[in-house]
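The sequence isn't on hand, but the structure is:
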C-alpha cells in the first residue's frame, strides 16, 4: 500500500468496506463483495499454512463449519 488513507473504525451496524484477500482453500483471491447480500461471513486472518497454530485453528474451524452454516 503506497497511499495513506485516514482510517475510521467501523461501528456496529456499519457496512464493511470491500477487501480482497488471498483464498486459503482455492487459488486466487476472494473479496467481501463476493458475499454481499448472502449469509453472514466469518473472516479469519492467519499468518499462513507454515504456522502450526494457524493450521490447528483452521482445522478447528473446518470441524465447526457444519454448525456455523
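Thanks, I have the structure now. Keep in mind that this is a model prediction, so the values were computed, not measured.

C-alpha from now on. contacts and neighbour counts both.
Will do.

in the chain, what spans have low per-residue confidence?
1-5, 26 (pLDDT under 70).

Dead centre of it: give me the residue that sits there.
residue 43 (2.8 Å; Cα atoms, centre = their mean).

Now do the helices in the chain.
52-68 (DSSP state H).

on that earlier part again, for the residue nearest to the centre of the chain, give its distance to residue 6.
23 Å (Cα to Cα, to the nearest Å).

now swap in residue 65 and tell me
Here the distance between residue 65 and residue 6 works out to 35 Å (Cα to Cα).

Comparing the two, which shows the higher neighbour count?
residue 65 (10 against 5; other Cα atoms under 10 Å).

Next, count neighbours for residue 30.
There are 15 residues near residue 30, going by other Cα under 10 Å.

Check residue 54 too.
Using other Cα under 10 Å, residue 54 has 16 neighbouring residues.

Give me the neighbour count for the nearest residue to residue 29 once chain neighbours are set aside.
Leaving aside its sequence neighbours, residue 29 sits nearest to residue 22 (Cα to Cα, 6 or more residues apart in numbering; 4.5 Å). Counted by other Cα under 10 Å, the residues lying close to residue 22 total 11.

and residue 22, what does it touch?
The contact partners of residue 22, by Cα atoms under 8 Å, 6 or more residues apart in numbering, come to 28, 29, 30.

Same question for residue 19.
Here residue 19 is in contact with 31, 32, 33 (Cα under 8 Å, 6+ apart).
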